[in-house]
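*Asks:* Any chance you could fold what I've pasted below:
(chains A and B)
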Amino acid sequence: MKNHALRPLFVVIGIIVLILLFRIVYVPKDFGIGERGYMYGWHRHSNEQDWKNFKVKYQGKEYCKDCHSDKYDSINKTPHKIIQCENCHGPAIDHPSDPPKLTIDRSRALCLRCHYPLPYPTSGRANIKSIDPDKHNPGMECVTCHNPHNPMEGLR
Amino acid sequence: MITRRDFLKKSVITAAGVALPLAAFEVLDPKKLMAQEAADTKNGTRWAFVVDTYKCVGCGLCVKACKLENEVPYDTSVTRTWVERYVITKDGKTHADTPKGGRDGFTTSKISLGMSEEAAPKDMMAKPETKPTEKFEDIDPNDITKAFFVPKLCNQCDNPPCVQVCPVGATYQTPDGVVLVDRTWCIGCGYCIMGCPYGVRFFHPVYHTAEKCTFCYHRITKGLKTACVQACPFGARQIGNLKDPNDPVTKIIMTERVSVLKAEYGTKPQVFYIGLDKEVR
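*Replies:* Modelled structure (predicted):
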């Protein structure tokens, strides 16, 4: 067989070899089948660690306890004890070093998440005490009169 | 001189060679496969989730915490978890909404019907003449027969259809059952977003890669609860390890009446619901 007929074949083989070489360089060493097999576990292993290294921002109530024990103890005696500090105060992240001050959400909208009246049967929502925001001191922040850390103590 | 027969033969062989997937060249070792199976059963963690829809009051603090914890841009419409409201009236109709994914809670009894259509610009480039306004439907409280909230999140399926369709191996399931996305490897083809029957996947507005709930993998692997579980004041959300028989979540799943979403798809979802109703899709 004449060489000129095979020439395109060599070009194709060359391209395939180049692609394979590129693949060796480009695909990370830890890429392969994981514990879940080919169908569900075909991935780069170090990505699992990448996700584990993601920054935790919400630290939870116990993180606040030592420095803000007054508020912690106060709220724990009230029905509001089920609410995490960070739900109103924002994620602590590395507070007090970063950020040194948290942004507190004092808006009416925050309180209304639970205290807007929705008379829904088959939902816990129906059992929460509520106010009509259009009639109950509209425009005022709830915290002007109510203490969120001790809502049962009466008005300030 | 090359004959027609030779030419056809060679081209068929070449075409067949090119069509062979690279994976076909990998030699499977039966011992290795067995070891993997053994490791699978030895691995003592399988994360699962329980949602109690009776306890959920629709405050949306879970959605807020999730967005801030996982750096999902706060003011975009996309979210990894959301809360749906279902109101069923005496005429048998189901009214459902999830304004902003429930991020700001449900602070009106009106049901959102989405943005009004006539105000939406027909041509994407044209400036809307009027601002699109949100339409609402009023429901008479006396007409309500059932009304409840359903938090949704990734079901971390045992047979994740989103993983199968990924052409590059950018999404995968970890040994403890969580489906993750490799942002450096995702090419943004969107197959997985189309493949998920629960609609939990979306494009991350910043990274432009597929994005989904990770069960807060960075938290659960450190012994913390997910951001949404921690933020929920009512205990409507719980996460636990299915392989630990003493885990409260495992106990609920084993001893109480729970159901899953769209079981008929065969995806084996691992988010179990208490108090789910037929109206919930």
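*Asks:* which outside residues touch stretch B:46-56?
*Replies:* A:122-124, B:83, B:148-151, B:153, B:156, B:176-178, B:215, B:220, B:232, B:234-243, B:249-250, B:252-253, B:258, B:270-276 (CB atoms under 8 Å, 6 or more residues apart in numbering or on different chains). Placement of C-beta: from N, CA and C, glycine included.
*Asks:* out of those residues, which are inside strands?
*Replies:* Residues of those located in strands (DSSP state E): B:83, B:148-151, B:237-241, B:271-274.
*Asks:* tell me the two of those residues that are most distant?
*Replies:* B:F148 and B:N241 (27.7 Å; CB to CB).
*Asks:* quick one, which of those two is more surrounded?
*Replies:* B:F148 (26 against 18; other CB atoms under 10 Å in any protein chain shown).
*Asks:* For chain A, give me the ranges with low pLDDT.
*Replies:* A:1 (pLDDT under 70).
*Asks:* and what of the stretch 51-200 of chain B?
*Replies:* Those would be B:116-131, if you go by pLDDT under 70 across the stretch 51-200 of chain B.
*Asks:* all strands for it, in order.
*Replies:* B:82-89, B:94-97, B:111-115, B:134-137, B:144-152, B:171-173, B:179-181 (DSSP state E, counting those that start in this stretch).
*Asks:* can you put those in TSV and add distance to B:L20?
*Replies:* Formatted as TSV, these follow (distance: least, CB to CB, whole Å):
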stretch	distance to B:L20
strand B:82-89	44
strand B:94-97	49
strand B:111-115	49
strand B:134-137	55
strand B:144-152	42
strand B:171-173	24
strand B:179-181	28
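*Asks:* So which residues make contact with stretch B:258-275?
*Replies:* A:122, B:46-54, B:148, B:150, B:152-161, B:177, B:197-198, B:242, B:252-253, B:256-257, B:276, B:280-281.
*Asks:* Buried among the contacts of stretch B:46-56? Make that a PyMOL selection.
*Replies:* Buried residues within the contacts of stretch B:46-56, by 16 or more other CB atoms under 10 Å in any protein chain shown, are selected in PyMOL with:
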select buried, (chain A and resi 122+123+124) or (chain B and resi 83+148+149+150+151+153+156+176+177+178+215+220+232+234+236+237+238+239+240+241+242+243+249+250+252+253+258+270+271+272+273+274+275+276)
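*Asks:* and A:F31, how many neighbours does it have?
*Replies:* 17.
*Asks:* list the contacts for the nearest residue to it once chain neighbours are set aside?
*Replies:* With CB to CB, 6 or more residues apart in numbering or on different chains as the criterion, A:F31 has its nearest non-adjacent residue at 4.8 Å, and that residue is A:R44. A:R44 is in contact with A:P28, A:D30, A:F31, B:G169, B:D182, B:T184, B:W185, counting by CB under 8 Å, 6+ apart.
*Asks:* What residues does the fourth one make contact with?
*Replies:* Taking CB under 8 Å, 6+ apart as the criterion, B:G169 is in contact with A:F31, A:W42, A:H43, A:R44, B:D182, B:W185.
*Asks:* Closest to B:T3 out of the ones in strands among the contacts of stretch B:46-56?
*Replies:* Of those, the one sitting nearest to B:T3 (CB to CB) turns out to be B:V271, at 63.7 Å.
*Asks:* remind me, longest helix of chain A?
*Replies:* Assignment by DSSP state H gives helix A:3-26 as the longest helix of chain A.
*Asks:* What helices and strands are in contact with it?
*Replies:* helix B:4-19 (3 or more CB pairs under 8 Å, 6 or more residues apart in numbering or on different chains; DSSP states H and E).
*Asks:* Return the helix it packs on as PDB; C-alpha atoms alone will do.
*Replies:* Coordinates of each C-alpha in helix B:4-19 appear next as PDB, following Å, rounded to 0.1, in the frame of the first residue of the first chain:
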ATOM      1  CA  ARG B   4     -12.300   0.600  -1.800                       C
ATOM      2  CA  ARG B   5     -12.500  -2.500   0.400                       C
ATOM      3  CA  ASP B   6      -9.200  -1.600   2.200                       C
ATOM      4  CA  PHE B   7     -10.200   2.000   2.600                       C
ATOM      5  CA  LEU B   8     -13.600   1.100   4.200                       C
ATOM      6  CA  LYS B   9     -12.000  -1.500   6.400                       C
ATOM      7  CA  LYS B  10      -9.400   0.900   7.800                       C
ATOM      8  CA  SER B  11     -11.900   3.700   8.300                       C
ATOM      9  CA  VAL B  12     -14.200   1.400  10.300                       C
ATOM     10  CA  ILE B  13     -11.300   0.300  12.500                       C
ATOM     11  CA  THR B  14     -10.100   3.900  13.000                       C
ATOM     12  CA  ALA B  15     -13.600   5.100  13.800                       C
ATOM     13  CA  ALA B  16     -14.100   2.300  16.300                       C
ATOM     14  CA  GLY B  17     -10.800   3.100  17.900                       C
ATOM     15  CA  VAL B  18     -11.600   6.700  18.300                       C
ATOM     16  CA  ALA B  19     -15.000   5.900  19.700                       C
END
